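**Q** got a predicted model here, sequence first, then my questions.
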Amino acid sequence: MNSKNRKEGWRQIKAAFAVLLLLIPTIFVILPIILLATGSVMGTGELREYLTPVFGESAEFIRWKLVPDYPTFENYGKLLFLTPQFFVLFWNSIRLTAGILAGQLLVGVPAAWAFAVYKARGSKALFALYVVLMLLPFQVTMLSSYLVLNRLELLNTHGAVILPAVFSTFPVFLSYGGFRAIPAQLFEAARIDGAGEFTIFRRIGLPLGKSGLLSAMVLGFLEYWNMMEQPMAFLDDKALWPLSLYLPEITWVQAGSAFCTSIITLIPAVFVFVLGQDYLEQGIIYSGLKE
Amino acid sequence: MQRKKKILAGFLLFLILMWFCTVLSKSIYTSELPIVSTVAAERKYIEHIVELEGIVIAGNKDPVSSLGGLRIDHLMVQVGDKVEEGDVLFTIDMEDLDEIMEAKQDEIHKLQLQIDTILQNQELARQKKVLEEERAREDYNALARYQDTLVGRAAEGISQVEEDIDEQDGGMSDELRDELQSAAYAEADARWNRDNTIKDAERRVEDILLPENEDATLDTLRVDLSGRQEDLSQYQEIKKQEGVVTARRGGLITDIFVSAGGRTADTAVLLMADDSVPCQFKAVLGRDEKKYVGLNDSVTLKLEGSGKEKDLKVDYLAESETMPGSFDLYINLPEGTGMPGLSGVMTRSETGERQPLCIPPLAVNTSETRSWVYVVKEREGILGMEYYVEEVDVKIKDRNESWVAVEGALDSESKILLSSTKAVKNGDTVRL
């Protein structure tokens, strides 16, 4: 009995130690969020005092308080009720992200279905090419994209950002994994039962491969919600910019607004992440599956 | 699944909230923007109209004066009264005049007594001097005679010694030689004494004959006496007229310097406009207005109560002595026009060159060192195309009350800010 209790005690100590060990990096991870949250409710004077080492010539380290001396929601009030520029960019971000994701659903998902279900000569090579394209960073394709968009007279329009992203290979790759996980016998059975190809795609492919689809959408949302290079390269008008480009426009004098903007920018991403958390894990699994 | 629905509902709620805040912030933002009105610059002739209010003054003013120190009994006129020759202007208090005359006579009597005393003293001094002179001369003569006698005696002593020497034969003895020498010395001393004594006596006579020191007291008293006698005669003249002072010629009373019961000063009691000289219109011109009005410039003049404007010219224009920085302007009015005290308005119009950029004065901002206008321009911002104001420095070339001619980085297409619901500064976003 004693031996059993001792074992149980050791197990609890180990568990507590493990929690403690994991807590330290967790604190480091969530520290920026805490800094954002506390900074967003600090007054201008308090922020100036704490941020002087960053923006001034002082060699001191920054000091920070987890609970502000004079908490205020003035920054939120200003941002939400007195800064329409913020909302223009917020809705631009929504428009761009929604447009890209909708386009990827329409283009990328059927492409992934075709790669996963229909075997044709060279399809594997084509898919490999897709994977290679996926690995190319934006900077490599920027010039060619710019020339094409210029020819199509899409520069300085939201189309310039949406259109190249719609044809991104990453959602195809993730959705492909989801569709590949469906047993081929199911499709054969459906065909024998008289189902057409579109019915198979709609009735079998989409419900069973939705994990891949949704993980592609969640990852896509997180990527495009925060994108900076594409809008900077293809959009001149500030009125067309997404929210991710708004922060550099804020001077350090408006540091409170910057913190609030960051917090509010974070909210949709958090919602989407929480909504698609399960699918996201599944998608990551698919992306790791071998052929 | 239920949890996901809740999260989805929360996300939708967040989006609805953001939409609501979008509308609200945009409405607050636009309501905070200054609403401005603009004008475009025009080509215009800048006309300068100088309107000056002034007053008609007498062409010439006659002073009416009286002896100083008299008490006014009744003042029969007031400023603005028109009087004819012989009209009573004011009367002098006769009782007061009698007292003044009595005092004056006393003063004359005192002065006369002082003069008489001085004259008598002078006569006595003269007689005394004559007597002293006579005595000095007598002393002189007596001394001269006595000294001559002494000199004669000394000469006689020498002669006696010489005779003794002649009487001795065989040369002069030492004793006689000493006697002769002593006699010669005595004669020389006698002569020296005589000369000195006579000179002293002569000087005493000369001293007596020297003139006395000059004394102006008598002359001064005589002048005083003469002045008082003259005053008295004038008082007598006033008394003869029973203290009534009348106008020597017709005219308008323009200024009165005393009041009833007060005493007259040495200056004029009142001033009268001379009817025989035409009136003048007087106005005061500021330095800015001076640029557009010069000597001999044609002007129009409208006097109070007169429906007709007159075309006249500026006859006199010079910097005011009482108000440095402003100018006195005079216009000679035609004979029979206006009367002192009437107000009027002088107008002078001058048109300058045609200016390419003329804007209302309200659109021009000025400080001590510069002038500028705000030009409304368009720019692309986060909220789309928006209007903003930009400061443009201008040089004012000419101006009148309605227009300002400017020179600067403007053209006829520029939207120049005329008015704003709020104060604006360079770069501010505005609404039209």
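**A** Arrived safely. Numbering: from 1, shown residues only, chains lettered A, B, ... in the order given.

**Q** quick one: contacts for residue A:168?
**A** A:100, A:104, A:108, A:134, A:220 (Cβ atoms under 8 Å, 6 or more residues apart in numbering or on different chains). (Glycine included, C-beta is placed from N, CA and C.)

**Q** now, which of these sits nearest chain B?
**A** Chain B lies nearest to residue A:220 out of the contacts of residue A:168, by Cβ to the nearest Cβ, at 16.2 Å.

**Q** burial count for that closest one?
**A** By the criterion of other Cβ atoms under 10 Å in any protein chain shown, residue A:220 has 22 neighbours.

**Q** in the stretch 251-400 of chain B, which residue sits closest to chain A?
**A** Closest approach between the stretch 251-400 of chain B and chain A, counting by Cβ to the nearest Cβ: residue B:382, at 4.0 Å.

**Q** got the contact list for that residue?
**A** For residue B:382, the contacting residues are A:85, A:88, A:89, A:238, A:239, A:241, A:246, A:249, by Cβ under 8 Å, 6+ apart.

**Q** and residue B:67, by the same measure?
**A** Residues counted as contacts of residue B:67 (Cβ under 8 Å, 6+ apart) are B:231, B:234, B:235, B:238, B:264.

**Q** any idea of the mean pLDDT in the longest helix belonging to chain A?
**A** In chain A, with assignment by DSSP state H, the single longest helix is helix A:2-40. Model confidence over helix A:2-40, given as mean pLDDT, is 88.

**Q** hang on, the earlier thing: and the contacts of residue A:168, which two are furthest apart?
**A** Greatest spacing in those, by Cβ to Cβ: A:100 and A:134 (15.4 Å).

**Q** re earlier: may I have the phi/psi pair for the residue of the stretch 251-400 of chain B closest to chain A?
**A** For residue B:382, the backbone dihedrals (degrees, to the nearest 10) come out as phi -60, psi -30.

**Q** now it. Nearest residue, chain neighbours left out?
**A** Of all residues not flanking residue B:382 in the chain, residue A:85 sits nearest, at 4.0 Å (Cβ to Cβ, 6 or more residues apart in numbering or on different chains).

**Q** now residue B:137
**A** Taking Cβ to Cβ, 6+ apart, and ignoring the residues beside it in sequence, residue B:137 has residue B:205 as its nearest neighbour in space, at 5.8 Å.

**Q** gap between the one you found and chain A?
**A** Computed with Cβ to the nearest Cβ, to the nearest Å, the distance linking residue B:205 and chain A is 113 Å.

**Q** what count of nearby residues applies to that residue?
**A** Neighbour count for residue B:205, taken as other Cβ under 10 Å: 16.

**Q** I figured it was touching residue B:136, is that so?
**A** Yes - counting by Cβ atoms under 8 Å, residue B:136 is a contact partner of residue B:205 at 4.4 Å.

**Q** can I assume the residue nearest to residue B:382 sits in a helix?
**A** Yes - using DSSP: H, G, I helix; E, B strand; the rest coil, the assignment for residue A:85 is a helix.

**Q** for the most centrally placed residue in chain A, what are its contacts?
**A** Taking Cα atoms, centre = their mean, the centroid of chain A lies closest to residue A:222, which sits 1.0 Å from it. Applying Cβ under 8 Å, 6+ apart, we find residue A:222 in contact with A:269, A:272, A:273.

**Q** elements contacting the worst-scoring helix or strand of chain A on mean pLDDT?
**A** For chain A, using mean pLDDT, DSSP states H and E, the weakest element among its helices and strands is helix A:44-55, scoring a mean of 79. With contacts taken as 3 or more Cβ pairs under 8 Å, 6 or more residues apart in numbering or on different chains; DSSP states H and E, helix A:44-55 sits against helix A:255-288.

**Q** what parts of the stretch 101-250 of chain A come near chain B?
**A** A:237, A:238, A:239, A:241, A:246, A:249 (Cβ under 8 Å from any Cβ of the partner chain).

**Q** avg pLDDT for the helix or strand harbouring residue A:130?
**A** Using DSSP states H and E, residue A:130 sits within helix A:123-135. Averaged over helix A:123-135, pLDDT sits at 86.

**Q** enumerate the positions of whichever helix or strand comes after it that are buried.
**A** Using DSSP H and E, the helix or strand that follows helix A:123-135 in sequence is helix A:138-151. For helix A:138-151, burial by neighbour count (16 or more other Cβ atoms under 10 Å in any protein chain shown) applies to A:145, A:149.

**Q** which is the next helix or strand following helix A:138-151?
**A** Defined by DSSP H and E, the subsequent element after helix A:138-151 is helix A:158-166.

**Q** show me what whichever helix or strand residue B:379 is part of is packed against.
**A** In the assignment (DSSP H and E), residue B:379 maps to strand B:371-381. When contacts are defined as 3+ Cβ pairs under 8 Å, 6+ apart, strand B:371-381 packs onto strand B:365-366, strand B:384-399, strand B:404-408, strand B:415-420.

**Q** write the ChimeraX selection for whichever of the contacts of residue A:222 are buried.
**A** ChimeraX command restricting these to the buried ones, with burial defined by 16+ other Cβ under 10 Å:
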select /A:272,273
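
**Q** nearest to chain B, of the contacts of residue A:222?
**A** residue A:272 (7.6 Å).

**Q** how near is the closest one to residue A:76?
**A** Between residue A:272 and residue A:76 the computed distance is 22 Å (Cβ to Cβ, to the nearest Å).

**Q** quick revisit: quick one: contacts of the least confident helix or strand of chain A?
**A** Under Cβ under 8 Å, 6+ apart, the answer for helix A:44-55 is A:39, A:42, A:58-65, A:68-70, A:252-253, A:255-256.

**Q** before we move on, the earlier item: what residues are up against the residue nearest to residue B:382?
**A** Contacts for residue A:85 were tallied using Cβ under 8 Å, 6+ apart; they are A:246, B:381, B:382, B:383.

**Q** which of these count as buried?
**A** A:246, B:382, B:383.

**Q** quick check: phi and psi on the first one?
**A** The one in question is residue A:246. phi -80, psi -40.

**Q** doesn't residue A:87 make contact with it?
**A** No - Residue A:246 is beyond contact range of residue A:87, at 10.2 Å (criterion: Cβ under 8 Å).

**Q** count of neighbours near the residue of the stretch 151-291 of chain A found nearest chain B?
**A** Across the stretch 151-291 of chain A, the shortest distance to chain B (Cβ to the nearest Cβ) belongs to residue A:271, at 4.1 Å. Residue A:271: 18 surrounding residues under other Cβ under 10 Å.

**Q** now it, nearest residue through space, not along the chain?
**A** Spatial nearest neighbour of residue A:271, chain neighbours left out: residue B:11 (4.1 Å); criterion: Cβ to Cβ, 6+ apart.

**Q** what count of nearby residues applies to that neighbour?
**A** Around residue B:11 there are 17 residues (other Cβ under 10 Å).
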